[in-house]
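Visitor: coordinates only, sequence not included:
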């Protein structure tokens, strides 16, 4: 793994030939890197972790969280916003003179207001409903530490890990969240219909943890309860950009 | 207040002359109604509260939360997504043949990718950083009940209200969140610069509670700590659509 920078290598705006993604490979950071890879946007990735609390990083993201992002003179934080910006600037669908809508050249942002809203809705749902329930379950049962900590080196629970009672409440919320998403995928290959879009990205990063950890061993999260999620994930996870950027981060 | 519907008055898609907003007037529902008012989009408002758990409403929003939304055959949940959809379909800025960017006709969605991303960033920040810290403070100190409950009729704390220790942690997070937003407003009239946009909406609904409750009486949230927020709020809250749709919902 590359070393953490101790100052901003791009203090005067991002490089001319790409964007800058600051952050160790959390679920939200790999989401941004995946979108860059889909769109063939060159990403300079800086693995900021401990340096989140450094003054130089707070000047980039006052929240002291990752990801942060630069494209030329534009600096952004908030992961869904960064993904939507990338998709709208570098990857909208296009309409040919004959009226055909195309997603060639990496286009992942739907052309119509309606399909774009559907994509946005599931992106927001994944970040504000799935992730807040799944993060404590993932950290409690896989990483065995408090949310945001590194993996427990011993396999024992670390101090600050959710209690069994807290985990139980999160598991039930998570079951509900995946059930809702499962129903939304019924009869569709992707969340907006027959084509991969930005709307699949945020949920797929979460599904990578659910499915590859086999429902975290919880009966309520057994994968046969979410058949549409499983088949959708098999399609989404086969994408080369997903395999490269997201697949390694399930444990 | 209008009565709650006990079935969907618009089962076959929204009416031809407007959109449908389902939900009692929570912070997220008034946000959507405010955007409709800014854009002169006619909103049929249905004050769903108890009926959130009814089958007819779950068919509209499987999360059983508000707001839910219809525009013709499109049904949406997720409040920021609904606002962005409204702004992109009914209220983008426009560029005249002479190159002038205009926000006439209610335009609140910035024309450039960069300004649109800035607006989106603070919208996401308000919903995922400000609101989760402020909701328990507002409900704990103003409504004196658990998040999402109605006001305490007696003025005493209701069961499920956050403990003093929990409140204290939320107050400190909230102080940090408003400080970050305060810095972002330094030297600007609105979050994207000199013009009101969608980027001001979500934070202003939260600021309505902070400012009109005088920092909830917490020293850490005293308003003189957030001078740019206060002056920005004086501009935003003067808008007729804000006065009509949001101003009444501070207590």
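Guide: Nice, I can see it. In this text, all values refer to a predicted model and were calculated from it rather than measured experimentally. Residues are numbered from 1 along each chain as shown, chains lettered A, B, ... in the order given.

Visitor: so what's the residue most central in space within chain A up against?
Guide: For chain A, the residue nearest the mean C-alpha position is residue A:31 (3.3 Å; Cα atoms, centre = their mean). Contact partners of residue A:31, counting by Cβ atoms under 8 Å, 6 or more residues apart in numbering or on different chains, are A:79, A:83, A:201-202, A:205, A:246. Every residue, glycine included, has its C-beta placed from N, CA and C.

Visitor: which of those residues lies closest to chain B?
Guide: residue A:79 (8.3 Å; Cβ to the nearest Cβ).

Visitor: tell me the confidence at residue A:105?
Guide: Note on residue A:105: pLDDT of 60.

Visitor: up against chain B, what does the stretch 51-200 of chain A have?
Guide: A:62-63, A:74, A:76-78, A:80-82, A:84-85, A:88-89, A:113-114, A:116-118, A:120-121, A:123-125, A:127-129, A:180, A:183-184 (Cβ under 8 Å from any Cβ of the partner chain).

Visitor: can you list which of those are found in strands?
Guide: When DSSP state E is applied, those are split such that A:74, A:76-77 fall in strands.

Visitor: on that earlier part again, export the contacts of residue A:31 to a markdown table and tack on pLDDT and distance to residue B:219?
Guide: As requested, those are exported to a markdown table (pLDDT from 0 to 100; distance: Cβ to Cβ, whole Å):
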| residue | pLDDT | distance to residue B:219 |
| --- | --- | --- |
| A:79 | 97 | 33 |
| A:83 | 98 | 38 |
| A:201 | 98 | 42 |
| A:202 | 98 | 38 |
| A:205 | 98 | 40 |
| A:246 | 98 | 44 |
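
Visitor: show me which of those are buried.
Guide: Neighbour counting over these (16 or more other Cβ atoms under 10 Å in any protein chain shown) leaves A:79, A:83, A:201-202, A:205, A:246 as the buried ones.

Visitor: nearest residue to residue A:78 other than its sequence neighbours?
Guide: Distances taken as Cβ to Cβ, 6 or more residues apart in numbering or on different chains place residue B:124 nearest to residue A:78, at 4.1 Å, with adjacent residues excluded.

Visitor: need the pLDDT of the one you found.
Guide: Residue B:124 is given a pLDDT of 97.

Visitor: that one: how many residues sit nearby?
Guide: For residue B:124, the neighbour count with other Cβ atoms under 10 Å in any protein chain shown is 24.

Visitor: which ones are touching residue A:53?
Guide: Applying Cβ under 8 Å, 6+ apart, we find residue A:53 in contact with residue A:64.

Visitor: following element in sequence after the longest helix belonging to chain A, please.
Guide: Longest helix of chain A, by residue count under DSSP state H: helix A:164-185. Counting by DSSP states H and E, the element after helix A:164-185 in chain order, helix or strand, is helix A:198-212.

Visitor: name the helices or strands packed onto that following helix?
Guide: helix A:27-38, helix A:79-90, helix A:113-125, helix A:131-138, helix A:227-236 (3 or more Cβ pairs under 8 Å, 6 or more residues apart in numbering or on different chains; DSSP states H and E).

Visitor: for residue B:225, which of these is the nearest?
Guide: For residue B:225, the closest of the helices and strands packed on helix A:198-212 is helix A:79-90, at 26.2 Å, according to Cβ to Cβ.

Visitor: so which residues make contact with that closest one?
Guide: For helix A:79-90, using Cβ under 8 Å, 6+ apart, the contacting residues are A:19, A:28-29, A:31-32, A:35-36, A:39, A:41, A:67, A:69, A:71, A:76, A:106, A:108-109, A:120, A:123-124, A:127, A:198, A:201-202, B:113, B:116-117, B:120-121, B:123-124.

Visitor: could you redo the last one with a cut-off of 7 Å?
Guide: A:28, A:31-32, A:35-36, A:39, A:41, A:67, A:69, A:76, A:108-109, A:123-124, A:127, A:198, A:201-202, B:113, B:117, B:120-121, B:124 (Cβ atoms under 7 Å, 6 or more residues apart in numbering or on different chains).

Visitor: sketch out the low-pLDDT regions of the stretch 1-150 of chain A for me.
Guide: For the stretch 1-150 of chain A, the stretches flagged by pLDDT under 70 are A:1, A:104-105.

Visitor: recalculate using a threshold of 80.
Guide: Within the stretch 1-150 of chain A, the stretches with pLDDT under 80 are A:1-2, A:102-106, A:150.

Visitor: what's the domain layout of chain A?
Guide: As assigned by automatic domain parsing, chain A contains the domains A:19-90, A:101-245.

Visitor: return the most buried member of the ones you listed.
Guide: Stretch with highest mean neighbour count among those: domain A:19-90 (a mean of 21; mean count of other Cβ atoms under 10 Å in any protein chain shown).
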